[in-house]
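Enquirer: Need a 3D model of the following:
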Amino acid sequence: MDAVAGEDQSFEAWYRATHPLLLVAMRAYTGDRDVAAEVTDEAFSRALRHWRRVQTMASPDGWTYRVAVNLARRRARRQRVERRLFPLIASSPTVSPPAGEVWSLVRDLPPRQRLAVVLRYVADLDEAEVAAVMKVRRGTVASTLWSARQSLGALLAEPEAMEEKL
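Expert: Down below sits the predicted model:
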């Protein structure tokens, strides 16, 4: 038990002495405060996870710096790939959501009814497929869609009722 407490204390002391220096170095290396904090924290997290081995190394600091640099490089590579691929993804044809008065009313339906309507009429799934997605029985989907149509019908009829009163 004492050995574990001693290891934790030596890690803590080492962490307190080394963390600020690594953070400053990673900030200078990456040029980004958030990235620097992220890779520094991850490097120390890995050092703690492997502390028994790391503390016996000739240079625990060097190992931790190497981990942080590798993490920063990996992140930079990933960002370069994303920037290269993003225009290809962004130029893919997109389907715009349905527009119009009815669809603005659909957004006001209870979540279960709204999901059923979107899956049935936008995604064009049949009732059995909607049931599978919603993890309910097909009869529940039919009932939910019926309720949604009734609600929408009532909402659409309201303006006419208002006009008749005038």
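Enquirer: mind listing what Phe11 touches?
Expert: Ala47, Leu48, Trp51, Gln55 (CB atoms under 8 Å, 6 or more residues apart in numbering). Backbone N, C-alpha and C define where each C-beta goes, glycine included.
Enquirer: again, only using 6 Å
Expert: Taking CB atoms under 6 Å, 6 or more residues apart in numbering, we find Phe11 in contact with Trp51.
Enquirer: Output the lowest mean pLDDT helix or strand found in this protein.
Expert: Sorting the helices and strands of the chain by mean pLDDT, DSSP states H and E puts helix 101-106 at the bottom, at a mean of 76.
Enquirer: Pull the residues that contact it.
Expert: By CB under 6 Å, 6+ apart, the surrounding residues in contact with helix 101-106 are Arg114, Val117, Leu152, Leu155.
Enquirer: List buried residues within these.
Expert: Val117, Leu152, Leu155 (16 or more other CB atoms under 10 Å).
Enquirer: and the most centrally placed residue in the chain, what element?
Expert: A centroid search over the chain (CA atoms, centre = their mean) returns Glu82, at 16.2 Å, as the residue closest to the centre. Per DSSP states H and E, Glu82 falls inside helix 60-90.
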